[in-house]
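Engineer: I'd like to go over a predicted model; first the sequence, then the structure.
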Amino acid sequence: MFSPRGYATNLSDVHVDLPESYNFLEAYPHCDFGPLTQECGCCYAYGALKAMSHRFCRATEKQLLLSAQYIVACDIADNGCVGGCERSVFYFMEQHGLTDYKCHPFQNRQEYGIKFCSQCSTSEKFKLYKSVYGSTTRYVGVEAIKKAVYLYGPVSASIATDSGFVNYHGGIYESSYKGYIEAGNHAVELIGWGKENGVEYWILLNQHGKNWGINGTMHIKMGSNEGLIESFIYGATPLIE
């Protein structure tokens with residue numbers, strides 16, 4: 001099944017020769033806006049908006065950074081600076097759209113009201129960027145995740161963090177959570193994969209700045225659902241007008 005603009009929602013029917021390693025930011029360097037630093041408890045917003053910003057850039061060949069501030073202030077289905085859900089952000093983008101960072105730079109606080117959500121806080125022209133209605137997709141399984149990233153662009157992911165995650169500096173990370181855990185507590189962007197000494201890994205882009213991990217990224221073991229990293233993977237189709 002294909003959604004509008006040709007993005008498949010059932011990737012099991014899509015056949016593509018996937019490379020052994022792939023990094024979206026190496027394939028599309030003009031889309032790299034650098035590691036971001038999360039300003040408050042809104043990792044869910046950054047995880048979703050970075051993935052969609054990169055998908056817009058891939059589709060248009062123009063760099064775009066969507067606004068976390070707009071999500072924090074205007075997406076009432078989530079909880080602003082005290083947490084939320086990436087899936088809700090994708091649905092909000094389908095129904096309402098997001099502004100870009102130039103329109104609403106991050107201010108580390110929540111502002112509400114029709115005026116804020118209908119005009120820029122700067123002198124920029126107000127414009128909303130939407131995803132195709134009904135295109136939000138949860139990708140299940142290693143092959144589907146790889147195909148989504150390779151064919152359409154990065155995806156959002158959530159992970160249950162531990163001290164090893166917080167203090168990560170390199171290598172292939174394996175979570176200390178080996179039993180059942182209900183959900184992740186931190187959102188990141190999954191931008192590719194690789195292989196080292198026979199072990200496959202995902203490449204995650206965090207929002208803790210470039211001094212965290214490997215220039216802001218993490219290599220996490222693939223295929224064993226470390227910290228639920230493969231359980232809640234979402235993406236959507238950018239609406240190009």
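Structural biologist: It's in.
Engineer: Please determine how far Leu52 is located from Tyr201.
Structural biologist: Let me fix one detail, which is that residue 52 is Met and not Leu. 24 Å (C-beta to C-beta, to the nearest Å). No exception for glycine: its C-beta is placed from N, CA and C like everyone else's.
Engineer: if you count what's nearby, which of these two comes out ahead?
Structural biologist: More crowded of Met52 and Tyr201, by other C-beta atoms under 10 Å: Met52, with 29 against 22.
Engineer: gap between the more buried one and Gln38?
Structural biologist: Taken as C-beta to C-beta, the span from Met52 to Gln38 is 17 Å.
Engineer: Return the longest strand in this structure, judged by number of residues.
Structural biologist: Using DSSP state E to define each element, the chain has its longest strand at strand 186-196.
Engineer: and the lowest-mean-pLDDT helix or strand in the chain, how far out from the chain's middle?
Structural biologist: One helix or strand of the chain scores below all others by mean pLDDT, DSSP states H and E: helix 68-74, with a mean of 91. Here helix 68-74 is found 15 Å from its chain centre; the criterion is C-alpha atoms, centre = their mean, to the nearest Å.
Engineer: Run through the neighbouring helices and strands of the longest strand of the chain.
Structural biologist: For strand 186-196, the packing partners by 3 or more C-beta pairs under 8 Å, 6 or more residues apart in numbering; DSSP states H and E come out as strand 22-23, helix 24-27, helix 43-60, helix 142-151, strand 155-159, strand 199-205, strand 217-221.
Engineer: Can you give me the buried ones in the third one?
Structural biologist: Okay, so that is helix 43-60. Buried residues in helix 43-60, defined by neighbour count with 16 or more other C-beta atoms under 10 Å: 43-59.
Engineer: Average pLDDT for it, rounded please.
Structural biologist: What helix 43-60 shows for mean pLDDT is 96.
Engineer: And for stretch 16-35?
Structural biologist: 94.
Engineer: Low-confidence ranges, this protein, go.
Structural biologist: 1-9, 39, 108-114, 179-183 (pLDDT under 70).
Engineer: which SS class is Gly153?
Structural biologist: coil (DSSP: H, G, I helix; E, B strand; the rest coil).
Engineer: was I right about it contacting Ser53?
Structural biologist: No: at 9.3 Å, Gly153 does not count as touching Ser53 under the criterion of C-beta atoms under 8 Å.
Engineer: what residues do those two have in common as contacts?
Structural biologist: Common contact partners of Gly153 and Ser53 (C-beta atoms under 8 Å, 6 or more residues apart in numbering): none.
Engineer: And the next helix or strand past the least confident helix or strand of the chain?
Structural biologist: helix 86-95 (DSSP states H and E).
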